[in-house]
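1. Just to be clear, the model below is a prediction. Sequence and coordinates:
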Amino acid sequence: MKQIIWILLICLPFNLQAATLEILIHGIKEPKGNLNIGLYNKKEGFLSTQKQYKGIYQQIYSNTAKYIFTHIPNGIYAVAIFHDSNINHKLDKNFLGIPKEGYGVSNNPKSFMKPTFEQCNFRLKKYKKITIELGYK
């Protein structure tokens, strides 16, 4: 019995630090393919699928989608999403580097330049719901 109490006392502070992030995705042009949803916790590697803190590849069924990250430590994060319509596991771009598939980031910054972590980040503490609008060129 004492062992169970000690385990609970040790784990309790970690559970109090866990947060939940609910992401609503709007503006999906066509309900086919997959969404790559990436959660980032630092600016180095932001927008690189290999540098995601956590990531999910989710099939699309409608023009809106939702994903919930749970048990995330409180902190500063940013989210980047792309619509992988042809299911090749990458964001297709034209010869100028402009995305040919839909994409969006947290805070929905309006800019013609590549979004930065500073433009897209937010503080996550306990629970946060964000909405990301996908854009297509």
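-> Happy to help now that I have it.

2. What residues of the host helix or strand of residue 57 count as buried?
-> Counting by DSSP states H and E, the element that carries residue 57 is strand 54-59. Judged by neighbour count using 16 or more other C-beta atoms under 10 Å, the buried positions of strand 54-59 are residue 56. Backbone N, C-alpha and C define where each C-beta goes, glycine included.

3. Which strands or helices does that strand pack on?
-> Secondary-structure packing of strand 54-59 (3 or more C-beta pairs under 8 Å, 6 or more residues apart in numbering; DSSP states H and E): strand 34-40, strand 65-73.

4. so who does residue 100 touch?
-> Residue 100 makes contact with 92, 93, 94, 137, according to C-beta atoms under 8 Å, 6 or more residues apart in numbering.

5. Please repeat the previous calculation with a cut-off of 10 Å.
-> 85, 86, 91, 92, 93, 94, 136, 137 (C-beta atoms under 10 Å, 6 or more residues apart in numbering).

6. Restricting to C-alpha, output stretch 58-71 in PDB.
-> What follows is stretch 58-71, C-alpha atoms only, in PDB (Å, rounded to 0.1, in the frame of the first residue of the first chain):
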ATOM      1  CA  GLN A  58      -4.700  11.900 -40.100                       C
ATOM      2  CA  GLN A  59      -7.000  10.900 -42.900                       C
ATOM      3  CA  ILE A  60      -9.500  13.600 -44.100                       C
ATOM      4  CA  TYR A  61     -13.200  12.800 -44.200                       C
ATOM      5  CA  SER A  62     -14.800  16.300 -44.500                       C
ATOM      6  CA  ASN A  63     -14.000  19.900 -45.100                       C
ATOM      7  CA  THR A  64     -13.200  20.400 -41.400                       C
ATOM      8  CA  ALA A  65     -11.200  18.300 -39.000                       C
ATOM      9  CA  LYS A  66     -10.200  18.200 -35.400                       C
ATOM     10  CA  TYR A  67      -7.300  16.800 -33.500                       C
ATOM     11  CA  ILE A  68      -6.500  16.800 -29.800                       C
ATOM     12  CA  PHE A  69      -3.000  16.500 -28.400                       C
ATOM     13  CA  THR A  70      -3.100  15.400 -24.700                       C
ATOM     14  CA  HIS A  71      -0.500  15.100 -22.000                       C
END
